[in-house]
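Chemist: Only the shape, not the letters, is given here:
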């Protein structure tokens with residue numbers, strides 16, 4: 001089950017953390033993985049490590065917020081590796097000054113939210129704009145968009161703009177699924193809780209999670225493999241909460 005041999009998967013923002021975990025998991029199931037990151041050195045490291053463990057990976061750097069650059073990158077990927085069958089929209093940011101730009105909305109200005117909305121929402125639209133039409137033509141495709149529980153419920157003060165972008169990604173993916181369902185293309189969203197490479201980090205926060213730890217990139221990768229697989233053909237338009245049992249509605 002979950003055999004991805006013969007499929008090409010593009011994971012945006014795969015140079016670290018969640019994206020890296022997804023790229024590794026897809027490669028382990030046989031997919032030829034395109035590792036994207038804004039920083040080529042990050043993407044190259046992940047691709048080389050996947051290759052070193054017997055997988056197939058290619059590093060490609062491009063900015064998801066620039067549609068022309070996305071088009072150029074997809075054209076090169078198609079020529080060199082093959083058409084993209086699986087698109088994982090993982091690239092994201094908390095704002096222009098990582099970590100997440102905090103502050104109540106009434107105190108923020110457009111300069112504070114432009115980058116955040118462009119990466120977390122417009123980047124998803126750009127990649128889908130280029131990737132989905134060929135999927136529809138071929139009659140098979142998988143779109144997996146990473147979101148957050150913040151896009152579903154009110155959480156902390158200071159994350160309204162992040163929540164807006166993530167909620168937009170959920171809504172868009174739901175409607176994309178409706179538009180492409182009859183053409184063999186599925187589109188689903190994973191709404192994450194807190195995921196870090198070290199699940200023992202932040203022990204006080206971990207105690208508030210029913211399973212008692214933070215999520216790991218491999219946790220996310222396992223779910224992404226299912227959603228990317230032939231076995232998930234009847235699952236589309238869904239938002240899957242992956243948060244260790246934290247309540248999300």
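Modeler: That came through fine. Because the structure is predicted, anything quoted here is derived from the model rather than measured.
Chemist: host element of the closest residue to residue 125 other than its chain neighbours?
Modeler: Closest residue to residue 125 in three dimensions, ignoring its sequence neighbours and counting by Cβ to Cβ, 6 or more residues apart in numbering: residue 172, at 6.8 Å. For glycine as for every other residue, the C-beta is placed from the backbone atoms N, C-alpha and C. Residue 172 belongs to helix 160-180 when assigned by DSSP states H and E.
Chemist: How about residue 200?
Modeler: With the criterion set as DSSP H and E, no secondary-structure element contains residue 200; it sits in neither a helix nor a strand.
Chemist: quick one, what contacts it?
Modeler: Contacts here follow Cβ atoms under 8 Å, 6 or more residues apart in numbering; on that basis residue 200 touches 206, 213-214.
Chemist: With residue 53 instead?
Modeler: With Cβ under 8 Å, 6+ apart, residue 53 has these contacts: residue 27.
Chemist: residue boundaries of the strands in this protein?
Modeler: In chain order, the chain shows strands spanning 8-11, 32-37, 56-61, 86-89, 141-148, 185-192, 239-242, with DSSP state E as the criterion.
Chemist: Quick check: the most centrally placed residue in the chain vs residue 45, distance?
Modeler: Within the chain, the residue whose C-alpha comes closest to the C-alpha centroid is residue 90; the distance, by Cα atoms, centre = their mean, is 2.2 Å. Distance, residue 90 to residue 45, by Cβ to Cβ, to the nearest Å: 16 Å.
Chemist: Then residue 228?
Modeler: Residue 228 is 23 Å from residue 45, by Cβ to Cβ.
Chemist: who's more crowded, these two?
Modeler: Comparing residue 228 with residue 45 by other Cβ atoms under 10 Å, the one with more neighbours is residue 228, at 28 against 17.
Chemist: Contacts only, for that one.
Modeler: Counting by Cβ under 8 Å, 6+ apart, residue 228 touches 4, 7, 9, 26, 29, 31, 86, 88, 142, 144.
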